[in-house]
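Undergrad: Sequence first, then the predicted structure, then my questions.
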Amino acid sequence: APSRCPARAAPSPLRATPGLCSALSAPAGGGRLELAGAAGGAAGGCRDAWASEALLVLLRAGPGPEPGAELQAWAPGSALRGEPLWVHTVEAEAEGDDGPGGKPQAGPLPLLPCARAYVSPRPPFYRPLAPGLRARRLELGAEHALLLDEAGQVFSWGGGRHGQLGHGTLEAELEPRPLEALQGLPMAEVAAGGWHSVSVSETGDVYIWGWNESGQLALPTRSLAEDGKTVAGEAAGLHEGGPDVKSTAGGEDGAPTPFIAVQPFPALLDLPRGSEAVKASCGSRHTAVVTRTGELYTWGWGKYGQLGHKDTSSWDRPCRVEYFVERQLQVRAVSCGPWNTYAYAVEQEKS
Amino acid sequence: MAEDINRDPLAGAGALWEALLALLPRTKEELKLDLSEKVERSVVMLLQEATELFYGGRRNECLQTSEAVLDYSWEKLNTGPWQDVDKDWRRVYAFGCLLKAACLCEASEDATTVAAALKVCDMGLLMGAAILGDILIKVAAILQTHLLSRKRPAQGPTQEQPSTKKARNEHVSIPDMKSERTVPRLHCPSLQYFRKHFLVPERPVILEGVADHWPCMKKWSLEYIQEVAGCRTVPVEVGSRYTDEEWSQTLMTVNEFISKYIVDEPRDVGYLAQHQLFDQIPELKQDISIPDYCCLGDGEEDEITINAWFGPQGTVSPLHQDPQQNLLVQVIGRKYIRLYSPQESEALYPHDTHLLHNTSQVDVEHPDLEKFPQFAEAPFLSCILSPGEVLFIPVKYWHYVRALDLSFSVSFWWS
């Protein structure tokens, strides 16, 4: 079940546990970063932080008086003392927290503020993006990358063996390739799990694709059916909309149950009660979505309690996290580490 | 449960536990993890913690920690192509399996628990890599012996003559080969002769008198296989052929495979295919040998990949090519095999995806000649491979295989 973390300031952006044993929080005010878990340490002057199990990346104010920032990569065991593993000076761009003309700033790490490059946990660590791409947000999965551009178009590249690229095949893509299935539907958010992908449209629709081995796509999965936990046939509001569904061989009693192991095209997912999504985040094998009305839905792998439903069951359909409803809290943001979920919630305003 | 400080934390109840303990290093200091920097520090710490808990007799906590190690390394094993997965991650997974299996057996020695522990060992053997001198093989052997000693007489299906019980309703179609060019046959050629006339020019040949006296030829039957391997977990391919949409892979014990896909009129085709069964179950390896012709290659003997292919009548391997030389030994039943030279590749219409680029799009025995016109003219060799015979399939030679009977083949891949 959710547990409260002491918050000294409104975290923005909310950054969650990137790895097995480490956690970090980055409050906006003052730029102070604190680490907890297997990696300890603290640092000041931080604009952003991003971590994987093997690497801690900080974006800090540059050393000199000019605007611009320094990207630092640290070994988790360093406690942020001594020398970073490497440093990269980030060119000054149209600076300031309020972007030009009120447009949303390029998203958090691993996308760099200039949006011309991103950070990878594996070498090469600094990766430029193609000049034509105007990236707004970038998310990394275990073997793939998702990019949302200024026009709301989603691109994907990397490994595709589990359908996580969404182009309808299991082939890898070396370069960012736009998702044709989503062309013409402006997206507001993208999120990448270990082997699955989520995007949320500006109108609050959720599209989801990739590997469904733990029900992280909210589609019926064989593994949960064998544990008696899936609601076969009652796939909560799954629309086919043309995607090519790859299903495994029939069920136990002869009636072919449409278990879906891999969904290589985006599928439209209906949340219960017709809710509109505003935010999404993915762990390695689970998904979390925040709705316009401040509810949090989670589904997928639940073995480590990451779904927040007070147990360790996995779910292959969206379930509301009742904790927040019971306490009249409105969830405003969610951020998932590989095996956990962080939610930012405020008390419901009395009308 | 207060822990008596005088009591050995690892003192357990049964004989099985004693036997397992004897295999493991005596103390946690002696258990060398030996992991490279590829494995993240936090995971090494977690694994060390698990071993500490184990040697401290804190079984439940060890189980929990081992689960986390297993889940984390499982994710690494599923990231990127299998051949690129770092061996140390597979070793981490194997360590997790070892600790979990041991913890399970400390609690209880009943058949269900031991079978579960054996399954964990098999997962470690299937997906993990060798640790502590191949300890998982030894642990598995002990668990298997324990299970079998409690199970006499053998349970499960014990069909002596599987062919009398027709597994499938359709009659098997033996190809009419009168119009087909057959693979040449030789009786025990010398190594030099084989190399000069077949290996170097890359031409297929059936070798007779080479494997027909191997113990497997007399010993192997459904009953024997169930005895030696019945409770072991193996990968099974379900579906008519791997190019089909409904094709999938799953894990089950050999007993489950035999009962579901070999006897009792199976609904689907299941094939225990391309599995290194002889690494998993060394006892079976005693029944086969490595053909001398394999040492004509460049590689070492331990680089030869030995695979088992065990399935009912009707299993099909679609026309494909492999990157190594292959000696295919037939042990039980017969297989219809067609061979096309790599020079004919264009007429075989390989898939253009990376995943299936070594596989032809053509269904060899029911070709769509409108879609694949050149296929009709492509020359080929064919044969029915019978027990005791060995087929040499040169590197990259296209081959199509259909089992005409309940079949068990052993393949040797070498370079």
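TA: In hand now; what should we look at?
Undergrad: pLDDT value on the residue of the stretch 201-350 of chain B found nearest chain A, please?
TA: Residue nearest to chain A within the stretch 201-350 of chain B: B:S248 (4.4 Å; Cβ to the nearest Cβ). In this view, the C-beta of every residue, glycine as well, is placed from N, C-alpha and C. B:S248 is assigned 85 on the pLDDT scale.
Undergrad: Test my guess that it contacts B:V238.
TA: Yes - applying Cβ atoms under 8 Å, one finds B:S248 in contact with B:V238, separated by 5.3 Å.
Undergrad: what's the following helix or strand after the helix or strand where A:A288 lies?
TA: Using DSSP states H and E, A:A288 falls within strand A:286-291. Next helix or strand after strand A:286-291 toward the C-terminus (DSSP H and E): strand A:296-300.
Undergrad: Which other helices and strands does that next one contact?
TA: Secondary-structure packing of strand A:296-300 (3 or more Cβ pairs under 8 Å, 6 or more residues apart in numbering or on different chains; DSSP states H and E): strand A:286-291, strand A:315-320, strand A:340-347.
Undergrad: still on that earlier bit, which helices and strands does the strand holding A:A288 pack with?
TA: By 3+ Cβ pairs under 8 Å, 6+ apart, strand A:286-291 packs against strand A:196-201, strand A:277-282, strand A:296-300, strand A:329-337, strand A:340-347.
Undergrad: What sits closest to A:E173 if chain neighbours are left out?
TA: Leaving aside its sequence neighbours, A:E173 sits nearest to A:W157 (Cβ to Cβ, 6 or more residues apart in numbering or on different chains; 4.4 Å).
Undergrad: which residues does the one you found contact?
TA: By Cβ atoms under 8 Å, 6 or more residues apart in numbering or on different chains, A:W157 lies in contact with A:H144, A:A145, A:L165, A:E173, A:L174, A:E175, A:P176, A:R177.
Undergrad: Tell me where the stretch 151-300 of chain B has strands.
TA: B:181-182, B:185-187, B:205-208, B:233-238, B:248-253, B:270-275 (DSSP state E, counting those that start in this stretch).
Undergrad: Export the ones you listed to JSON lines and append columns for mean neighbour count.
TA: Listed next are the strands of the stretch 151-300 of chain B as JSON lines, based on neighbours: other Cβ atoms under 10 Å in any protein chain shown:
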{"stretch": "strand B:181-182", "mean neighbour count": "12"}
{"stretch": "strand B:185-187", "mean neighbour count": "13"}
{"stretch": "strand B:205-208", "mean neighbour count": "20"}
{"stretch": "strand B:233-238", "mean neighbour count": "21"}
{"stretch": "strand B:248-253", "mean neighbour count": "17"}
{"stretch": "strand B:270-275", "mean neighbour count": "22"}
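Undergrad: Mind checking the ones you listed for the one nearest to B:R26?
TA: Between B:R26 and these, the tightest spacing by Cβ to Cβ is seen for strand B:233-238, at 29.2 Å.
Undergrad: rewinding a little: out of the strands of the stretch 151-300 of chain B, which is closest to B:Y397?
TA: strand B:205-208 (11.3 Å).
Undergrad: Mind listing residues that contact the closest one?
TA: Contacts of strand B:205-208 (Cβ under 8 Å, 6+ apart): B:183-189, B:194, B:197-198, B:291, B:293, B:327, B:383, B:385, B:388-392.
Undergrad: Parallel or antiparallel, which strands does it pair with?
TA: strand B:185-187 (parallel), strand B:390-393 (antiparallel) (DSSP bridges).
Undergrad: Can you name the next helix or strand after the longest one?
TA: Heading C-terminal from strand B:390-393, the first helix or strand you meet, by DSSP H and E, is strand B:398-403.
Undergrad: Close to chain A: what parts of chain B are there?
TA: Neighbours of chain A within chain B, by Cβ under 8 Å from any Cβ of the partner chain: B:40-43, B:45-46, B:68, B:71-72, B:75, B:78-81, B:238-239, B:245-246, B:248, B:267-268, B:353-355.
Undergrad: The same query, at a cut-off of 10 Å, please.
TA: Selection of chain B residues close to chain A by Cβ under 10 Å from any Cβ of the partner chain yields B:37-43, B:45-46, B:67-69, B:71-72, B:75-76, B:78-82, B:238-239, B:244-250, B:267-270, B:352-356.
Undergrad: Buried among these? Need that as a selection in PyMOL.
TA: In PyMOL syntax, the buried subset of those is picked out as below (16 or more other Cβ atoms under 10 Å in any protein chain shown):
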select buried, chain B and resi 39+40+41+42+43+46+67+68+69+71+72+75+76+78+79+238+239+247+248+269+270+356
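Undergrad: Mind checking which of the residues of chain B next to chain A land in helices?
TA: Within the residues of chain B next to chain A, residues falling in helices by DSSP state H are B:R41, B:S42, B:V43, B:M45, B:L46, B:E67, B:A68, B:V69, B:D71, B:Y72, B:E75, B:K76.
Undergrad: hey, which of the helices and strands packed on strand A:296-300 is tucked in deepest?
TA: strand A:286-291 (a mean of 28; mean count of other Cβ atoms under 10 Å in any protein chain shown).
Undergrad: Neighbouring strands - and their directions - for that strand?
TA: strand A:277-282 (antiparallel), strand A:296-300 (antiparallel).
Undergrad: now these as JSON lines including mean pLDDT?
TA: What follows is the strands paired with strand A:286-291, written out as JSON lines (pLDDT from 0 to 100):
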{"stretch": "strand A:277-282", "mean pLDDT": "97"}
{"stretch": "strand A:296-300", "mean pLDDT": "98"}
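Undergrad: Find me the pLDDT at residue 24, would you?
TA: Picked chain A for this. Per-residue pLDDT puts A:L24 at 44.
Undergrad: That was the other one, I meant chain B.
TA: B:L24 carries a pLDDT value of 94.
Undergrad: burial count for it?
TA: 20 (other Cβ atoms under 10 Å in any protein chain shown).
Undergrad: for B:F257, same thing?
TA: 26.
Undergrad: I'd say it and B:V236 touch.
TA: Yes - under the criterion of Cβ atoms under 10 Å, B:F257 is in contact with B:V236, at a separation of 5.4 Å.
Undergrad: Overlap in contacts, these two.
TA: Applying Cβ atoms under 10 Å, 6 or more residues apart in numbering or on different chains, one finds that B:F257 and B:V236 are jointly contacted by B:T250, B:L251, B:G270, B:Y271, B:L272, B:F310, B:G311.
Undergrad: where's the second one relative to B:M127, distance?
TA: By that I understand B:L251. Distance, B:L251 to B:M127, using Cβ to Cβ, to the nearest Å: 10 Å.
Undergrad: Repeat that for A:R122.
TA: 22 Å.
Undergrad: I'd assumed A:L224 was in a helix, is it?
TA: Yes - the assignment for A:L224 (DSSP: H, G, I helix; E, B strand; the rest coil) places it in a helix.
Undergrad: Check it and give its pLDDT.
TA: A:L224 is assigned a predicted lDDT (pLDDT) of 83.
Undergrad: And for it, the neighbour number?
TA: Neighbours of A:L224 (other Cβ under 10 Å): 23.
Undergrad: shouldn't it be in contact with A:A218?
TA: No - between A:L224 and A:A218 there is no contact under Cβ under 10 Å: 11.4 Å.
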